[in-house]
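Peer 1: structure for the following, please:
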Amino acid sequence: MEYSPLHYDSSTNTYLIARDHMGIIPLYMGWDDKNVFYVSSELKSLEGVCDKIELFPPGHYLCSNDMELKSGISQIGPL
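Peer 2: Numbering: from 1, shown residues only. Below is the predicted model:
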């Protein structure tokens with residue numbers, strides 16, 4: 001399965017980003033000089049905007065609540 005879902009909850013202003021365990025579809029994350037966070041499946045969309053760019057690791061997810069990359073999950077509860 002190939003996927004990199006992003007779920008935004010407007011009622012709590014939180015989001016969850018994930019990348020499939022195989023890592024077939026690339027996903028990148030970056031930060032600009034004001035530490036604003038960006039995410040994209042296209043590296044070129046972050047270049048020139050972000051000072052720091054990293055590959056989002058396969059099989060990981062990130063919640064805006066704590067901004068910590070996590071892995072090893074089979075189910076995600078409410079944000």
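Peer 1: which stretches of the chain form helices?
Peer 2: Secondary structure of the chain by DSSP state H: no helices are present.
Peer 1: for this protein, give me the ranges with low pLDDT.
Peer 2: 1-2, 73-79 (pLDDT under 70).
Peer 1: what residue in it is the furthest from its centre?
Peer 2: In the chain, Ser11 marks the outermost C-alpha relative to the chain mean, sitting 19.7 Å out by C-alpha atoms, centre = their mean.
Peer 1: gap between that residue and Pro57?
Peer 2: Counting by C-beta to C-beta, to the nearest Å, the gap between Ser11 and Pro57 amounts to 29 Å. For the C-beta atoms, the positions are set from N, CA and C on the backbone; glycine is no exception.
Peer 1: one more: Leu69?
Peer 2: From Leu69 to Pro57 the distance is 7 Å (C-beta to C-beta).
Peer 1: do Pro26 as well
Peer 2: Between Pro26 and Pro57 the distance is 11 Å, computed by C-beta to C-beta.
Peer 1: quick one, what contacts the spatially most central residue of the chain?
Peer 2: The centre of the chain sits closest to Ile17, judged by C-alpha atoms, centre = their mean, with a distance of 4.1 Å. If you count contacts by C-beta atoms under 8 Å, 6 or more residues apart in numbering, Ile17 has them with Ser4, Pro5, Leu6, Leu27, Met29, Val39, Phe56, Tyr61, Leu62.
Peer 1: try it again with 7 Å
Peer 2: With contacts taken as C-beta atoms under 7 Å, 6 or more residues apart in numbering, Ile17 has the following neighbours: Leu6, Val39, Tyr61, Leu62.
Peer 1: swap in Asp32?
Peer 2: Val49, Cys50, Asp51 are the contacts of Asp32 under C-beta under 7 Å, 6+ apart.
Peer 1: buried subset of these?
Peer 2: Cys50 (16 or more other C-beta atoms under 10 Å).
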